[in-house]
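Undergrad: Sequence unavailable; structure follows:
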C-alpha cells in the first residue's frame, strides 16, 4: 500500500508557522473556557465506538440508530476507516475535492475521477458519474458542500448520484463537514438518510471552530459502521475522552444553535470582504454558496497557483492554498473563516502585493 504525499498539509508544514494564514478551511477556534473540559477519567471511552447516547443524538440527523454511528478522531479518520472498510477494486470520486477523498481510495484500488464543470459554476453531472461506474465499483465519493469551491450540490443531483450508485450496488460516501454552515433547507438531505447505500462523514472542525478536538463520525448502514469500527480498532481504538466530553456539550441543541449562528455570521461578514477584494482586483471566481473557502483564479502575470502562493509568502508573509493541491493549477484557495481583523490584515497585504505587480 502506497499513499500519495498530502500536498496541502506539506505546504502548510513548510509555511504556516511564521506567516499570516489565509488558507485555513474552517472558522476561528472557539474559546475553550466555554466548555467543561474535564471527563470522568482518562481511560478509554467505553464502548470504544463512542457513548451510545451521543451516537443516538448524532444518528437522529441521519434517521439512523446509535449502532449506525461510529465516533472517530475527526472526519479524516472517519473517511479513512470507511474507505478501508468499503474500498474494493474501484471507486468513483467527484473532483476537485479535498485530497484525501481521492488519495485514500487510490491507495486501496483504482479510482476514476469525475470533474465538476468549472464553466458551469462547478455543477455536478450525475450522468457523468453514472458513466464512470463500473461493474466492480464499490464506492462513489462526493463532498457536499464542496471544498475548495463552496458549491452546494442540489438535492435532485445528489439523489440521482445516489440512485446510480445504489443501482450498481455501490455505496455513496458523502463528506459533509461544510453542511452545518448552511441552513437545513439550503443543502440536500445527507447521504446517510437517502437509503441503504448512503454513508455520511462529518466533524466538529470546519463550522464549529473545534478543529483541535479531532472529533468526527461516520453514519450509515450497520454493516458499514461495524466494518469501519474494525479498522478503527487498529487506529485510535476509541474517541478521546476530552473530545467526547466537549462534543456532548457542543451538540446540545441550544449550544449547537448558538455556535453555528456565530459561525454563519462570521462567514457572512468575511465573505463580503473577500467579494470586495476580488472585485477590486478584477479577479475571476465562482462565488462560494456556503462555507469559508474562496477558489479564485490566479491573477494575470503570475504562472500558476503554486508560483503565485510562493510569491505571496515571500513578499507578503501570507499563506494561501495553491490550486495544485486540488489539481487546479490556475487557481488558489483563500480561507476567510478567521476573525475579521485577521482577514482584513491579510487582504491588506494582498492588496499591496497586487498593486506592486499591476
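TA: Alright, I've got the coordinates. Since we're looking at a predicted model, the values are computed, not measured.
Undergrad: Low-confidence stretches in this structure?
TA: 184 (pLDDT under 70).
Undergrad: can you pull the buried residues of the helix ranked longest in it?
TA: With DSSP state H setting the assignment, residue counts place helix 253-280 as the longest helix in the chain. For helix 253-280, a neighbour-count test (16 or more other C-beta atoms under 10 Å) marks 256, 259-260, 263-264, 266-267, 270-271, 274, 277-278 as buried. Where you see a C-beta, it was placed from the backbone N, CA and C, and this is true even at glycine.
Undergrad: domains of the chain?
TA: 7-28+255-353, 43-253 (automatic domain parsing).
Undergrad: Any idea how far apart the tips of the first one sit?
TA: Looking back up the chat, that one is domain 7-28+255-353. With C-alpha to C-alpha, to the nearest Å as the measure, domain 7-28+255-353 spans 25 Å from end to end.
Undergrad: ok, now stretch 299-307?
TA: Stretch 299-307 has an end-to-end distance of 11 Å (C-alpha to C-alpha).
Undergrad: Buried residues of that stretch, list them for me.
TA: Burial within stretch 299-307, assessed by neighbour count using 16+ other C-beta under 10 Å, is assigned to 299, 302, 304-306.
Undergrad: Can you name the element that comes right after the longest helix of the chain?
TA: strand 293-297 (DSSP states H and E).
Undergrad: between the helix or strand hosting residue 343 and helix 253-280, what angle do the directions make?
TA: Per DSSP H and E: residue 343 is located in helix 340-356. With axes from the mean of the first three to the mean of the last three C-alpha atoms, to 10 degrees defining the directions, helix 340-356 sits at 20 degrees from helix 253-280.
Undergrad: can you list the residues that contact helix 340-356?
TA: Helix 340-356 has contacts (C-beta atoms under 8 Å, 6 or more residues apart in numbering) with 20-22, 28, 266, 269-270, 273-274, 277, 280-281, 299, 311-312, 315-318, 336.
Undergrad: switch the cut-off to 7 Å
TA: Identification of contacts with helix 340-356 by C-beta atoms under 7 Å, 6 or more residues apart in numbering yields 20, 22, 269-270, 273, 277, 281, 299, 312, 315-318, 336.
Undergrad: do the same with stretch 309-320
TA: Residues from elsewhere that reach stretch 309-320 (C-beta under 7 Å, 6+ apart): 15-16, 19-23, 302, 322, 332-334, 346, 349-350, 353.
Undergrad: Show me what counts as buried in stretch 121-133.
TA: Using 16+ other C-beta under 10 Å as the burial criterion, the residues of stretch 121-133 that qualify are 122, 124-126, 129-130, 132-133.
Undergrad: next one: stretch 208-228
TA: Neighbour-count burial for stretch 208-228 flags 208-211, 213-221, 224-225, 227-228 (criterion: 16+ other C-beta under 10 Å).
Undergrad: Ok, stretch 177-186 next?
TA: By neighbour count on 16+ other C-beta under 10 Å, the buried set for stretch 177-186 is 177-182.
Undergrad: From residue 337, how far out is the closest residue to residue 267 other than its chain neighbours?
TA: Using C-beta to C-beta, 6 or more residues apart in numbering and skipping residues adjacent in sequence, the residue nearest residue 267 is residue 292, 5.1 Å away. Separation of residue 292 from residue 337 (C-beta to C-beta, to the nearest Å): 3 Å.
Undergrad: cool, and residue 120?
TA: Counting by C-beta to C-beta, the gap from residue 120 to residue 337 is 26 Å.
Undergrad: top of the contacts of stretch 309-320 by neighbour count?
TA: For these, neighbours were counted using other C-beta atoms under 10 Å, and residue 332 has the most, 30 neighbours in all.
Undergrad: Just confirm that one is within a helix.
TA: No - secondary structure of residue 332 (DSSP: H, G, I helix; E, B strand; the rest coil): strand, not part of a helix.
Undergrad: For it, name its beta-bridge partners.
TA: In this entry, residue 332 is beta-bridged to residue 296, residue 322, by DSSP bridges.
Undergrad: what's the helix or strand for the spatially closest residue to residue 241 that is not a sequence neighbour?
TA: Excluding its sequence neighbours, the residue lying closest to residue 241 (C-beta to C-beta, 6+ apart) is residue 39, at 4.1 Å. Secondary structure from DSSP H and E places residue 39 outside every helix and strand.
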